[in-house]
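J.: 3D, please:
(3 chains)
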Amino acid sequence: MLNQFSQKVYQIAKKIPSGKVATYGQLANLAGKPKAARAVGFFMKNNPDIKNIPCYKVVASDGRLCGYSASGGLKKKKQKLVSDGVVFKGNRVDLSHSRWDPAS
DNA sequence: AAAATGACGGTGT
DNA sequence: TACACCGCCATTT
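T.: Below is the predicted model:
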């Protein structure tokens, strides 16, 4: 199942700092495959290490929350993000303020 | 081996 | 901003 690309994505996901979020495409890009956003979503859903991989910090490119396998669904996911200090704009994340910048 | 699926992204309307 | 389409990728059926 695992190994290769997925491991890289997971490792990067673990680095997402508190109060910030990353997009699926961003993770895919950092992992070396800018167009594998979809696959990244699959990996998050699969989430092999829910304890160390903050999959709830991963949102769609427009800041919209697309899914959450854990209990509570998107509602819970949003709440978790808010608790982490992520700025919300209605039902979406304010990426201009809460988007993770790997360079910083 | 081929087709289908999904927690996506970009573009066009 | 919203909706419809198409392209992409890894995994599953």
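J.: retrieve the pLDDT associated with the residue in chain A positioned nearest to DNA strand B.
T.: Closest to DNA strand B within chain A is residue A:67: 2.1 Å, counting by CB to the nearest atom of the strand. Every C-beta, even on glycine, is put in place using the N, C-alpha and C of the backbone. For residue A:67, the pLDDT comes out at 91.
J.: centroid-nearest residue for chain A?
T.: Centroid-nearest residue in chain A, with CA atoms, centre = their mean: residue A:58, separated by 1.3 Å.
J.: contacting residues for the residue of chain A closest to DNA strand B?
T.: The contact partners of residue A:67, taken as CB atoms under 8 Å, 6 or more residues apart in numbering, are A:41, A:45, A:74.
J.: let's go with 10 Å and repeat that
T.: By CB atoms under 10 Å, 6 or more residues apart in numbering, the residues touching residue A:67 are A:41, A:44, A:45, A:55, A:58, A:59, A:60, A:73, A:74, A:77.
J.: returning to what we had before: state the distance from the residue nearest to the centre of chain A to DNA strand C.
T.: Noted for residue A:58: a distance of 15 Å to DNA strand C, by CB to the nearest atom of the strand, to the nearest Å.
J.: residue A:38 too?
T.: As for residue A:38, its distance to DNA strand C is 4 Å (criterion: CB to the nearest atom of the strand).
J.: point out where chain A drops to low pLDDT.
T.: Low-confidence segments of chain A (pLDDT under 70): A:1-2.
J.: which residues of it lie near DNA strand C?
T.: By CB under 7 Å from any atom of the strand, the part of chain A that sits against DNA strand C consists of A:1-2, A:4-6, A:33, A:35-39, A:42, A:62.
J.: who wins on neighbours among these?
T.: Among the residues of chain A next to DNA strand C, the one with the most neighbours (other CB atoms under 10 Å) is residue A:36, at 20 neighbours.
J.: hang on, the earlier thing: just the buried ones out of the contacts of residue A:67, please.
T.: Buried members of the contacts of residue A:67, counted by 16 or more other CB atoms under 10 Å: A:41, A:44, A:55, A:58, A:59, A:60, A:77.
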